[in-house]
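# Pasted the sequence and its predicted model underneath.
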Amino acid sequence: MIRGRALVAATVAAMLTWTGVGAAVADPNIQLPGRDDGTSNCAVLNGRAFAGYIGTGDPQPTRPIDERFATAPTDWCNTNVGYSKTSYGSDGVTFKAPPTVEGLFPYNNAEILAKPVFEPGQTMTMRVGGTEQIKSWNGTTGWGVSNRSIDPLGLEIAWFMYNGSAGLVGQASTLTAPIAQALGQDFPKGFFMMVKKSGTLVPQARLLPMSILDKQHDYAVKLGSKQVGFFVDGKEVGTFDNAPTGKWTDISRQPVPLLGQMWLDSSYWFPLPIPEYNGRWQTATMSHYRQGPSATTPLTFDN
């Protein structure tokens, strides 16, 4: 919900001063049609954004995916914004967010979305690493499933997420957390699982040990008709009721399906995204992604 609003607001602001369009556009990326870092822009700033949806613009029927990101995939798109970057190679897809002095932009976000939709009865498993330094990063990262709705009532998510700040804004958020909680807008600080079903306003969240981020792990989200389970290296770490359904429609009556995604950004959310200072680049990597029927999709990878 809040991440989506930030993306739309930052992109609209950028369009007031820059409107170039082409087959490949230079940074800052503002999500007009084109390509960035090897994949097509999801080009979320279109009519559907104002109808409450910032997804791929080209969702595909669900099917099994087994992707290692050695090269830029054709059935994924990026929602990179600003001076963030994504690259592909033997280590998988690497997300890169710039230091503040090299990314003077309202919002920097590196992100990719799978086009084949994700449905109840399926599992997605992701091998994620490169997060050893994330605990001192002023921003967020996360991986899992979302329907990409910016309608607070229609938003559906089931993801792992880190949200943190080492700066003054983070300290302020701790002091004023009761106010934000009363508004139903506060995100936890740290590393956590988060779930929200359409028709509800307040997400459910449960903290995880920050030490998990110290090394690479296999993370899985197993979506059922009523419950959603979270796994780390094949071990269940949480189960939530009120699972996402993927059945929401936007105000134009078009479907808002669930999609697999991962992102890294440089904003702290309290309760709106406020850019903070970072003196270095931050990266995170996804080296393997699978999605498919839960009966045949493993919760961890052998290699």
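That came in fine, so what should we check first? Numbering: from 1, shown residues only.
# Helices of this protein, start to end?
For the chain, the helices defined by DSSP state H cover 2-15, 47-50, 168-175, 177-182.
# Wait, W76 touches P116, no?
No - using Cβ atoms under 8 Å, W76 is not in contact with P116; the gap is 9.2 Å. Where you see a C-beta, it was placed from the backbone N, CA and C, and this is true even at glycine.
# hey, what's L208 bridged with?
Taking DSSP bridges as the rule, L208 bridges to F191.
# list the buried ones in the lengthiest strand in the chain?
Determined from DSSP state E, the single longest strand within the chain is strand 282-293. In terms of neighbour count (16 or more other Cβ atoms under 10 Å), strand 282-293 has its buried residues at Q282, T283, A284, T285, M286, S287, H288, Y289, R290, Q291, G292.
# was I right about the first one contacting W263?
No - in this structure Q282 lies outside contact range of W263 using Cβ under 8 Å: 12.0 Å.
# picking up where we left off before, what strands flank the longest strand of the chain, and is each parallel or antiparallel?
strand 65-67 (antiparallel), strand 92-97 (antiparallel), strand 122-129 (antiparallel).
# closest one to Y277 among those?
Closest of these to Y277 is strand 92-97, at 12.6 Å (criterion: Cβ to Cβ).
# For Q133, give me its contacts.
Q282 (Cβ atoms under 8 Å, 6 or more residues apart in numbering).
# make it 10 Å
Shown in contact with Q133 (Cβ atoms under 10 Å, 6 or more residues apart in numbering): L213, D214, R280, W281, Q282, T283, A284.
# possible to save the residues you listed as CSV with pLDDT?
Output for the contacts of Q133, formatted as CSV (pLDDT from 0 to 100):
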residue, pLDDT
L213, 98
D214, 98
R280, 94
W281, 96
Q282, 96
T283, 98
A284, 98
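# Next, format the residues you listed as JSON lines and append distance to R63.
JSON lines is the format used below for the contacts of Q133 (distance: Cβ to Cβ, whole Å):
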{"residue": "L213", "distance to R63": "31"}
{"residue": "D214", "distance to R63": "34"}
{"residue": "R280", "distance to R63": "39"}
{"residue": "W281", "distance to R63": "35"}
{"residue": "Q282", "distance to R63": "33"}
{"residue": "T283", "distance to R63": "30"}
{"residue": "A284", "distance to R63": "26"}
